[in-house]
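>>> Predicted model, plus sequence, below.
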Amino acid sequence: MTAFAPDVVAAILAHMNDDHPEDNLVIVRAFGAPDAERAAMIDLDTVGGTWAAWLVPEDETVQVVIPWPSGTIGTRGEIRREIVALHDAASSALGLPPRDHVG
């Protein structure tokens, strides 16, 4: 397994947590923490992403580790593709409408 450079990981985490907190929540609710009140992406590598999920009503925090849908990846460009695929699968699993992923 190969890790991404720390600056790449930091940039992706900042983007996901600053610009897509609702997407993080959809992903964790579908793939491991259905009672989550909020979520943040806290790590990623070539095999998947890790999210922290805050549960209600206990106010407990759990980690949700989700493998990339396409398997092991190796480039920064593949990260976006895999997060979009996770979000699409999560939305479908939760019965949410599909969304355009522009930008």
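On my side now, so go ahead.
>>> what is the mean pLDDT for the biggest helix by length in the chain?
Criterion DSSP state H: the longest helix present in the chain is helix 76-93. Mean pLDDT, computed over helix 76-93, is 96.
>>> what's next to it, contact-wise?
Contact partners of helix 76-93, identified using CB atoms under 8 Å, 6 or more residues apart in numbering, comprise 4, 8, 12, 16, 23, 26-27, 29-31, 44, 49, 66, 68-70, 73, 96-99, 101. C-beta here means a position set from N, CA and C on the backbone, and glycine is covered the same way.
>>> Okay, helices next: where are they in this protein?
Using DSSP H, helices in the chain cover 6-19, 21-30, 76-93.
>>> will you turn those helices into a markdown table that also has distance to Asp59 and mean neighbour count?
Shown next, in a markdown table, are the helices of the chain (distance: least, CB to CB, whole Å; neighbours: other CB atoms under 10 Å):
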| stretch | distance to Asp59 | mean neighbour count |
| --- | --- | --- |
| helix 6-19 | 19 | 14 |
| helix 21-30 | 15 | 21 |
| helix 76-93 | 23 | 16 |
